[in-house]
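Engineer: My questions are about this predicted structure, shown below with the sequence.
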Amino acid sequence: AAERDLFEGVEWETRWQWPFEGYVPVFRTCRRLGVPLVALNVDDETLKKVSAGGLGKLTEEEKDKYIVDVAAFKAFSLRPGYSKYVNTVVMNSYAFHANMGLLGDTPNPSTFFAARILWDEGMSSMAYKRIKQSGKMMVVLEGADHVKYRMGSVGRLEEKDPSLKVQSILLNPTAADAGGNLQEE
């Protein structure tokens, strides 16, 4: 009953493209151990709006919710290796999603990028707020592209508070996912 309530409560069927069954063991383990589940995602409506029109479409309320520090959000893109990360990870993800037809009839790489960086920033901001509020450790389950090279949400969380001990684990990474140098050439 609890799993059905979760499935329906988060509107899994309409909001997630990944099979619910793959996450059930994680949900059961969290319930058994009393580990709270916290939704970190930027809501679909906001992501769709940014995907269609860019970051300028965000309301002040959405900015406050998903971007803890606007100056740091902007400065993150200046990190060494960031543009290479965008070209090798984010734009490959764009091509994959566009080729699969997941971005609609008129995919746009600029607005895909805008939505992606909002997604990373939003997840890191929500995690940061939760950690500061609870004072407890947090385990985040998210897609590989958000943690690769510490340039997605993981790096953004580290930037918010360098005293946080942030670890990431890639499951079944390829050599290209797990290593390499992102320094600009």
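Structural biologist: The structure has been received and is ready for your questions. Residues are numbered from 1 along each chain as shown.
Engineer: Could you pick out the longest helix of the chain?
Structural biologist: If you go by DSSP state H, the chain has its longest helix at helix 109-134.
Engineer: what's the helix or strand that comes right after that one in contact with?
Structural biologist: As assigned by DSSP states H and E, the chain's next helix or strand after helix 109-134 is helix 153-160. Helix 153-160 has contacts (C-beta atoms under 8 Å, 6 or more residues apart in numbering) with 68-69, 72-73, 76, 79, 119-121, 123-125, 127-128, 140, 142, 146-147, 149-150, 164, 166, 168. Every C-beta, even on glycine, is put in place using the N, C-alpha and C of the backbone.
Engineer: cutoff 10 Å now
Structural biologist: 40, 68-69, 72-73, 75-76, 79, 81-82, 85, 117, 119-129, 131-132, 138, 140, 142-143, 145-150, 164-168 (C-beta atoms under 10 Å, 6 or more residues apart in numbering).
Engineer: ranges for the helices of the chain?
Structural biologist: With DSSP H as the criterion, the chain has helices spanning 2-9, 12-15, 24-33, 44-53, 60-66, 70-75, 82-85, 91-99, 109-134, 153-160, 175-178.
Engineer: Just list what the longest one packs against, helices and strands only.
Structural biologist: It stands for helix 109-134. Where contact means 3 or more C-beta pairs under 10 Å, 6 or more residues apart in numbering; DSSP states H and E, helix 109-134 is packed against helix 44-53, helix 60-66, helix 70-75, helix 91-99, helix 153-160.
Engineer: avg pLDDT for the third one?
Structural biologist: Just to be clear, that refers to helix 70-75. For helix 70-75, the mean pLDDT works out to 92.
Engineer: Show me which residues of that helix are buried.
Structural biologist: Phe73 (16 or more other C-beta atoms under 10 Å).
Engineer: again, but for the last one
Structural biologist: For helix 153-160, a neighbour-count test (16+ other C-beta under 10 Å) marks 153-157, 159-160 as buried.
Engineer: what does the first one give?
Structural biologist: Within helix 44-53, the residues that count as buried by 16+ other C-beta under 10 Å are 46-47, 49-51.
Engineer: Find the least confident helix or strand in the chain, judged by mean pLDDT.
Structural biologist: Using mean pLDDT, DSSP states H and E, helix 175-178 stands out as the lowest-scoring helix or strand of the chain, at a mean of 65.
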